[in-house]
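Undergrad: For reference, the sequence and a predicted model appear below.
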Amino acid sequence: MGRLLGAHDSDELDRPDLNKCPDCGCFFPQDNCPICGKECPEEFRAGNRKAVKTKKRRGSNSGRVTFVEWYHSWWFIAIMMFVMPVVGIILLITSPHKKGSKILFVVIAVLYSILRTFLGSGMLGSLGSMFTEPVERMSFEEYSEKCIEITPEEYFRNREKYNDEFISMTLTVKEGFVDAMGYYSKEEYTTYYICTDGEGNEFEIMIRDCEKEPENYIKGDVITVYGEGAGTLALDDLNYETHSAPCIYVAYIVD
């Protein structure tokens with residue numbers, strides 16, 4: 001049976017000018033409900049009922065998926081932040097994302113930039129070397145007896161094979177540089193040298209003097225080093241230029 005003159009408990013269709021049946025929920029102008037025949041109580045008669053509270057309407061997008069333009073997507077904003085920061089900031093500000101999400105994104109981006117600057121691959125390599133005991137302490141005679149003499153080419157091509165192994169070789173100094181991390185974080189900085197086999201081949205070896213006061217070697221100096229293989233190491237110099245090569249933690253150098 002259809003509803004009479006109104007709808008059951010609907011705020012939008014409430015009829016304050018009509019009586020209302022408490023059981024059926026319908027509205028009618030007469031004294032008795034046309035459905036159940038029950039007489040309308042005094043408190044449900046027109047003019048006596050309490051005003052019905054209007055329900056709050058939900059937002060037009062409530063419960064729906066909101067689509068944003070591709071250039072306002074998080075992935076595109078993140079890329080632009082590091083490729084073209086000004087454009088990335090503009091896109092972030094004009095995007096429809098919530099304010100809290102924008103603030104969180106900025107915090108994460110700033111933290112990432114700090115870590116990338118101060119804990120880059122080269123910096124991490126330098127930091128690792130600072131906390132690693134690089135060589136064993138013993139006399140030159142004892143140390144040299146433990147070392148296996150190899151060529152720069154052999155070490156360059158098989159650097160992982162000689163990790164933590166005692167080795168020696170003759171090298172020609174190509175250039176020296178100061179480790180940027182050590183320079184800015186310690187009172188005593190470390191000097192590294194990029195060396196070659198001296199025969200024009202591109203077998204670059206990086207050495208670090210771990211045992212004695214560093215010498216000021218210059219390009220062309222021929223030295224014989226005794227140390228331990230350290231695999232590939234990447235370090236930044238004071239100009240933040242990265243040097244990456246097979247490295248040897250050197251205990252003794254004979255020139």
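TA: That came through fine.

Undergrad: For stretch 15-33, give the distance from the opening residue to the closing one.
TA: 15 Å (Cα to Cα, to the nearest Å).

Undergrad: Now do it, average pLDDT.
TA: On average, the pLDDT along stretch 15-33 is 83.

Undergrad: Could you tell me which residues within it count as buried?
TA: 15, 18-21, 24, 26-28, 33 (16 or more other Cβ atoms under 10 Å). Heads up, the C-betas are built off the backbone N, CA and C, glycines and all.

Undergrad: Go through those and name the one nearest G200.
TA: R15 (102.0 Å; Cβ to Cβ).

Undergrad: What's the separation between the closest one and C21?
TA: 12 Å (Cβ to Cβ, to the nearest Å).

Undergrad: And E141, by the same measure?
TA: 112 Å.

Undergrad: since we're on K174, how many residues are nearby?
TA: Using other Cβ atoms under 10 Å, the number of residues around K174 comes to 15.

Undergrad: pLDDT at it, what is it?
TA: At K174, pLDDT is 93.

Undergrad: The helix or strand hosting V110 packs against which elements?
TA: V110 belongs to helix 99-118 when assigned by DSSP states H and E. Using 3 or more Cβ pairs under 8 Å, 6 or more residues apart in numbering; DSSP states H and E, the elements in contact with helix 99-118 are helix 74-83, helix 85-94.

Undergrad: what's the closest of those helices to D236?
TA: helix 74-83 (19.4 Å).

Undergrad: So which elements touch that closest one?
TA: So helix 74-83, by 3+ Cβ pairs under 8 Å, 6+ apart, packs with helix 85-94, helix 99-118.

Undergrad: Check those helices for me and report the most buried one.
TA: helix 85-94 (a mean of 14; mean count of other Cβ atoms under 10 Å).

Undergrad: what's the angle from that helix to helix 99-118?
TA: Orientation of helix 85-94 against helix 99-118 (axes from the mean of the first three to the mean of the last three Cα atoms, to 10 degrees) gives an angle of 160 degrees.

Undergrad: any residues touching helix 85-94, and which ones?
TA: Contacting residues not belonging to helix 85-94 are listed as 71-72, 76-82, 102, 105-106 [Cβ atoms under 8 Å, 6 or more residues apart in numbering].

Undergrad: repeat for stretch 195-202
TA: 151-153, 170-174, 203-207, 222-223.

Undergrad: Give me the buried positions along that stretch.
TA: For stretch 195-202, burial by neighbour count (16+ other Cβ under 10 Å) applies to 195-197.

Undergrad: export those to TSV and tack on secondary structure and pLDDT?
TA: As requested, these are exported to TSV (DSSP: H, G, I helix; E, B strand; the rest coil; pLDDT from 0 to 100):
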residue	secondary structure	pLDDT
C195	strand	95
T196	strand	93
D197	coil	91
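
Undergrad: between those, which is nearest A251?
TA: Set against A251, the nearest of the buried residues of stretch 195-202 by Cβ to Cβ is C195 (15.9 Å).

Undergrad: how much space is there between the closest one and K174?
TA: From C195 over to K174 (counting by Cβ to Cβ), the distance is 6 Å.

Undergrad: Are there residues contacting both of those two? Which ones?
TA: E204.

Undergrad: Show me the domain layout of the protein.
TA: 1-56, 70-118, 126-254 (automatic domain parsing).

Undergrad: Can you check which strand is longest in the chain?
TA: strand 222-236 (DSSP state E).
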